[in-house]
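1. What shape does this take:
(2 chains)
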Amino acid sequence: AQSVAQPEDQVNVAEGNPLTVKCTYSVSGNPYLFWYVQYPNRGLQFLLKYITGDNLVKGSYGFEAEFNKSQTSFHLKKPSALVSDSALYFCAVSTGGGADGLTFGKGTHLIIQP
Amino acid sequence: EPEVTQTPSHQVTQMGQEVILRCVPISNHLYFYWYRQILGQKVEFLVSFYNNEISEKSEIFDDQFSVERPDGSNFTLKIRSTKLEDSAMYFCASSELGRIAGGPPGANVLTFGAGSRLTVL
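-> Predicted structure coming up:
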């Protein structure tokens, strides 16, 4: 069975500093990896995905993520954090099998301090 | 930007009662999904739906759950006899591509609604 681990419940970063939200996965077969963000009282919004090709994926709002097959990781990064980046971030994986349903991590609260 | 809309935003019900959660997916999307998130826990896949039938379902989606697309626009999740442990945020999602459409399977980008919070007392 596939799984996703987000080891940090909360990440605190000062505005303007780089941020990293960690994600590791476990699947059999090739993974399709996603990051979604959830703002208060809103649905999950797609940020970026890795399917194949370049290991560094760029997404919305200046976020990027690097696929590392040897470490089975897909960490989310941004060079300079904004207060408006404060939200709940979910990593998810799919293998294309079954329902194409996504398996989500438990989420990481990102708090950007002014 | 097109949105997935869900109603109600919050519903409180008594244990044993039937609940229907409603969703209006994005109009040109072909695949529809329900997920749930129990407070403080992971977002969990319940069911996917394509061409007016269930495509896949998880172990959570037992006989007390059902889905329907009654009129070509709404997509509903029914819980026949609610239990305390059904209390959760339920998210509807839709995607443009399915497993039979172009693109590698599993590469679909899902658009989620804001969720319906169900509280079972």
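
2. how about the residues of chain B that lie near chain A?
-> B:4, B:6, B:31, B:33, B:35, B:41-45, B:47-48, B:55-58, B:91, B:93, B:95, B:98-99, B:104-115 (C-beta under 8 Å from any C-beta of the partner chain). C-beta coordinates here come from the backbone N, C-alpha and C atoms, glycine included.

3. Test my guess that B:S81 contacts B:D62.
-> No - using C-beta atoms under 8 Å, B:S81 and B:D62 do not qualify as a contacting pair, with a distance of 11.1 Å.

4. Among the two, which residue is more densely surrounded?
-> B:S81 (12 against 9; other C-beta atoms under 10 Å in any protein chain shown).

5. Among the residues of chain B next to chain A, the buried ones, what's the PyMOL command?
-> A single PyMOL command selects the buried members of these (16 or more other C-beta atoms under 10 Å in any protein chain shown):
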select buried, chain B and resi 4+6+31+33+35+42+43+44+45+47+48+55+56+57+58+91+93+95+98+99+105+106+107+108+110+111+112+113+114+115
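
6. give me the low-pLDDT residue ranges for chain B?
-> Applying pLDDT under 70 to chain B flags residues B:97-107.

7. Can you list the residue ranges for strands in it?
-> Secondary structure of chain B by DSSP state E: the strands cover B:5-7, B:10-13, B:19-24, B:31-37, B:43-50, B:53-57, B:65-68, B:75-79, B:88-95, B:111-112, B:116-120.

8. Which one, of these, ends up nearest to A:E64?
-> strand B:111-112 (21.4 Å; C-beta to C-beta).

9. count of neighbours near the closest residue in space to A:S26 that isn't next to it in sequence?
-> Of all residues beyond its chain neighbours, the one nearest A:S26 is A:S3 (4.8 Å), with distances taken as C-beta to C-beta, 6 or more residues apart in numbering or on different chains. Per other C-beta under 10 Å, the neighbour tally for A:S3 reads 13.

10. Equivalent analysis for B:P8, please.
-> 13.

11. Around chain B, pick out the residues from chain A.
-> Within chain A, the residues that sit near chain B (C-beta under 8 Å from any C-beta) are A:32, A:34, A:36, A:41-46, A:49, A:51-52, A:90, A:92, A:94-107.

12. hmm, which of those are the buried ones?
-> Buried members of the residues of chain A next to chain B, scored by 16+ other C-beta under 10 Å, are A:32, A:34, A:36, A:43-46, A:49, A:51, A:90, A:92, A:94-96, A:98-107.
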